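Predicted model follows, preceded by the sequence.
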Amino acid sequence: RWGVRAGSAGGGVAQGEATDALCKALHAVFGTTISGQEIEAARLEAFVLLSELVKAKRAEPGDDLTSLLIEARDQDDRLSEEELLGTLFLMIAGGQDTTAALITNAGGALLRRPEQLEHVRAGRATWADVAAETMRVHTPGAYSPMRFAVEDIDLDGVLIRKGEAILVSFAAGGQDPERY
């Protein structure tokens, strides 16, 4: 939640109930424990909330990213309305769950491997090193976005039924023991 709060000021998202609702919707969009229908409903809710933000910012532009994107859309015709909303969605979502997950994953990794934490404390590794290694090994986007089978799939003798969740690890390449 703090990712939207911390990053939304520059985006022009006012703090309050609307921010809470947007945080809730975005958290659900990237959830891994709910159905595809619930994820889609949350995605649509996020776009409704972003549409309301755009409407408000059109009426009262500010010195923020949302207002600049609206200007690119309305005055320069460089973005469609769909592209404007999609860009806002990606910018805000990218600052929410990914930021929180990276910090959580780094903390968890250091607690599981206290000898690595000691490297940081002793100055042999920096927090930038921790962030880079966490991105490689425990990247926040490793399993996003959630996918769902659109038909029954036989994967090497394992049946994945239509509608079942599929998690693809985009971080698998960073796990190669021959390289790392």
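Looks like it arrived, so ask away. Everything quoted here is computed from the prediction, not taken from an experiment.

Helix, strand, or coil at Glu38?
helix (DSSP: H, G, I helix; E, B strand; the rest coil).

Could you report the pLDDT at the nearest residue to it once chain neighbours are set aside?
Sequence neighbours aside, Ala28 is the residue nearest to Glu38 in space, at 6.5 Å (criterion: C-beta to C-beta, 6 or more residues apart in numbering). The way it works is simple: take the backbone N, C-alpha and C, and place the C-beta from them, glycine included. Looking at Ala28, its pLDDT stands at 85.

Ser67 now?
pLDDT, read off for Ser67, is 90.

mind listing what's buried in stretch 25-40?
Residues 25-30, 39 are the ones in stretch 25-40 that count as buried (16 or more other C-beta atoms under 10 Å).

Return the subset of these lying in helices.
Per DSSP state H, helices hold the following members of those: 25-29, 39.

returning to what we had before: the residue nearest to Glu38 is in contact with Glu40, isn't it?
No. The criterion here is C-beta atoms under 8 Å, and Ala28 misses it with Glu40 at 9.9 Å.

Am I right that Gly86 is in a strand?
No. Gly86 is assigned helix when assessed by three-state DSSP, not a strand.

That one: how many residues sit nearby?
14 (other C-beta atoms under 10 Å).

if I look at it, how far off is Leu110?
As judged by C-beta to C-beta, to the nearest Å, Gly86 and Leu110 stand 35 Å apart.

what helix or strand is the residue nearest to Thr87 when sequence neighbours are not counted on?
Closest residue in space to Thr87, ignoring its immediate chain neighbours: Leu69 at 6.0 Å, by C-beta to C-beta, 6+ apart. Using DSSP states H and E, Leu69 sits within helix 65-74.

helices and strands around that helix, which ones?
helix 2-11, helix 36-59, helix 81-112 (3 or more C-beta pairs under 8 Å, 6 or more residues apart in numbering; DSSP states H and E).

Check the spacing between the residue nearest to Ser169 when sequence neighbours are not counted and Val48 real quick.
Nearest residue to Ser169 in three dimensions, chain neighbours excluded: Ala142, at 5.3 Å (C-beta to C-beta, 6+ apart). Between Ala142 and Val48 the distance is 29 Å, computed by C-beta to C-beta.

Please say which of these two ends up with more neighbours.
Ranked by neighbour count (other C-beta under 10 Å), Ala142 and Val48 place Ala142 first, with 18 against 14.
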